[in-house]
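# the following block contains a protein sequence and its predicted model.
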Amino acid sequence: MCAAQFPNGFLWGSATAAYQVEGSPLADGAGPSIWHRFVHTPGLVRDGDTGDVACDHYRRWKEDVAIMRRLGLQAYRFSVSWSRILPAGTGHVNYAGLDFYDRLVDALLENGIEPLVTLYHWDLPAALDDRGGWLNPEISKWFADYAEVMFRKLDGRVKKWATLNEPWVVTDGGYLHGALAPGHRNRFEAPIASHNLLRAHGAAVQAYRATGRHEIGLVVNIEPKYRASDDPADVAATARAEAYMNRQYLDPVFFGHYPKEMVEIFGEAWPDWPSEDFALIQQPIDFLGVNYYTRSVTRFDANAWPLKACAVRQKQATYTETGWEVFAPGLTETLLWVKRCYGNIPLYVTENGSAFFDPPTAAKGRVEDPLRVDYLREHLGAVRDAIAQGVDVRGYMAWSLLDNLEWSLGYSKRFGIVHVNFATQQRTPKDSAHFYAKVIASNGAVL
Ligand SMILES: CO[C@H](O)c1c[n+]2c([nH]1)[C@H](O)[C@@H](O)[C@H](O)[C@H]2CO
């Protein structure tokens, strides 16, 4: 029997997000986003870091496309900054902003690199936040109108669209715990923001079906929950955690209802949703993007709000700089779980990667990152194992192409396979990039 392998046509790429790499947030008529506001609010981002320059990708995009070409990337997943396109979030279109993405897409295609475009990767126009943002039910129309501008401009050259990146993180970070923009801590707001994110997703998919000729999907983060013991309290806590992080978005999209645990988790803060909303949310999608980083061994914790569950640190495990256990089998399990629970919808691993401290360059022009090479090798093996067990995985996007702004953690955590010297903006492919290039060239055979 031949060794398990990746199918012909498997799409090998990498991923970034607008606010994390572009810089120049207000250039050429762009409006501010909630992240521009958040980073310029003292005390919210480590070391006072901002995305004002980031990786200067807004100006160095040609150089970055050339790096992708040299690495042999077949795809590049990036996000569009809504407030570059519609500075006020609705109304006037800023054509200079559109032109940036128009040129980027053409350059990618000229270099044989397929663009995968995420419409929303957390950087809501500040002007819409002033109108309630994700708490305002009108945002489903605002988002669909913005999406239509992008579809009209790029559809055809862009053949894979994702509406949202990780609605769970947007909600949990931005509205429940407050660590991310817009920094709210309100258990009554969180369900409303989350529900409106899903409504907006549905409205954008509906808009795409009217004019789009290719594929559109949703990107979710999935963190498999392993119970710490068979104690009923731990079993129940694990079920709550799985519902809250992993099923809260997939159940409505695929089944038209929320997991029953949501009422238990949010109590009086969980509204009765209008049934017509689920018809909007449940628009059929063409693929699902899965972002996987780690697992969580979960136990009951009476003090953990609002889940009453927490993760248990694993003694023998390796942990990344972001405190995440390295656990590659969890990626296989996650891909199998999606197939088992939601059917064999085409899947892309739209993010997978690790933050490790990169030692000073051993030799000029070289950045050794052995832990990231190991992480990449183990997790690509996990994808191959899922494919061998019948999961329709069609691509893998390494997070991230470049070291970049890790949101509230600033530039303190490096996920890139390409090192960025933020003082000089010099890019240096790390050993992990050179390893990934060999994986791509052999379609995974070198693993
Ligand atoms: C909770 O982990 C999430 O799956 C997740 C991890 N990550 C993400 N989501 C975001 O999509 C990226 O913008 C982050 O830079 C990246 C690394 O933190």
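Nice, I can see it.
# so which bits of the stretch 201-350 of the chain are right by the ligand?
221, 291, 293 (C-beta under 6 Å from any ligand atom). Using the backbone N, CA and C atoms, a C-beta is placed for each residue, glycine as well.
# let's have those residues in a markdown table, adding secondary structure and neighbour count.
Conversion of these to a markdown table gives the following (DSSP: H, G, I helix; E, B strand; the rest coil; neighbours: other C-beta atoms under 10 Å):
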| residue | secondary structure | neighbour count |
| --- | --- | --- |
| 221 | strand | 20 |
| 291 | strand | 23 |
| 293 | coil | 24 |
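# output the residues you listed as CSV; include the columns pLDDT.
CSV is the format used below for these (pLDDT from 0 to 100):
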residue, pLDDT
221, 98
291, 99
293, 99
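# CA-only coordinates of the lengthiest helix in the chain in PDB, if you can.
If each helix of the chain is counted by residues according to DSSP state H, the longest one is helix 189-211. The C-alpha trace of helix 189-211 is given here as PDB (Å, rounded to 0.1, in the frame of the first residue of the first chain):
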ATOM      1  CA  GLU A 189     -23.500  42.000  24.300                       C
ATOM      2  CA  ALA A 190     -21.400  38.900  23.400                       C
ATOM      3  CA  PRO A 191     -24.300  36.700  22.200                       C
ATOM      4  CA  ILE A 192     -25.800  39.700  20.200                       C
ATOM      5  CA  ALA A 193     -22.500  40.400  18.400                       C
ATOM      6  CA  SER A 194     -22.000  36.700  17.800                       C
ATOM      7  CA  HIS A 195     -25.400  36.300  16.300                       C
ATOM      8  CA  ASN A 196     -25.000  39.400  14.100                       C
ATOM      9  CA  LEU A 197     -21.700  38.000  12.800                       C
ATOM     10  CA  LEU A 198     -23.500  34.900  11.700                       C
ATOM     11  CA  ARG A 199     -26.300  36.900  10.200                       C
ATOM     12  CA  ALA A 200     -23.800  39.000   8.300                       C
ATOM     13  CA  HIS A 201     -22.000  35.900   7.100                       C
ATOM     14  CA  GLY A 202     -25.300  34.600   5.700                       C
ATOM     15  CA  ALA A 203     -26.200  37.900   4.100                       C
ATOM     16  CA  ALA A 204     -22.800  38.000   2.300                       C
ATOM     17  CA  VAL A 205     -23.200  34.400   1.100                       C
ATOM     18  CA  GLN A 206     -26.700  35.300  -0.100                       C
ATOM     19  CA  ALA A 207     -25.200  38.300  -2.000                       C
ATOM     20  CA  TYR A 208     -22.500  36.100  -3.500                       C
ATOM     21  CA  ARG A 209     -25.000  33.600  -4.800                       C
ATOM     22  CA  ALA A 210     -26.700  36.400  -6.800                       C
ATOM     23  CA  THR A 211     -23.500  37.300  -8.700                       C
END
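# buried residues in it, which are they?
By 16 or more other C-beta atoms under 10 Å, the buried positions in helix 189-211 come out as 189-205, 207-208.
# distance-wise, check residue 349 relative to the ligand.
Going from residue 349 to the ligand by C-beta to the nearest ligand atom, to the nearest Å gives 11 Å.
# partners of the helix or strand hosting that residue, with directions?
Using DSSP states H and E, the element containing residue 349 is strand 347-352. Sheet pairing of strand 347-352 (DSSP bridges) gives strand 287-291 (parallel), strand 393-399 (parallel).
# now it, how far from the centre of its chain.
The chain centroid and the centroid of strand 347-352 are separated by 9 Å, computed with C-alpha atoms, centre = their mean, to the nearest Å.
# wait, residue 225 sits on residue 241?
Yes - if you go by C-beta atoms under 8 Å, residue 225 and residue 241 touch, sitting 4.6 Å apart.
# which residues do the two both contact?
296, 298 (C-beta atoms under 8 Å, 6 or more residues apart in numbering).
# of the two, which one has the most company?
Using other C-beta atoms under 10 Å as the criterion, residue 225 and residue 241 rank with residue 241 on top: 26 against 23.
# so what pLDDT did the closest residue to residue 144 other than its chain neighbours get?
When the adjacent residues along the chain are set aside, residue 144 lies closest to residue 203, with 3.9 Å between them (C-beta to C-beta, 6 or more residues apart in numbering). pLDDT for residue 203: 98.
# do the one 5 residues further on as well
You'll see residue 208 listed with a pLDDT of 98.
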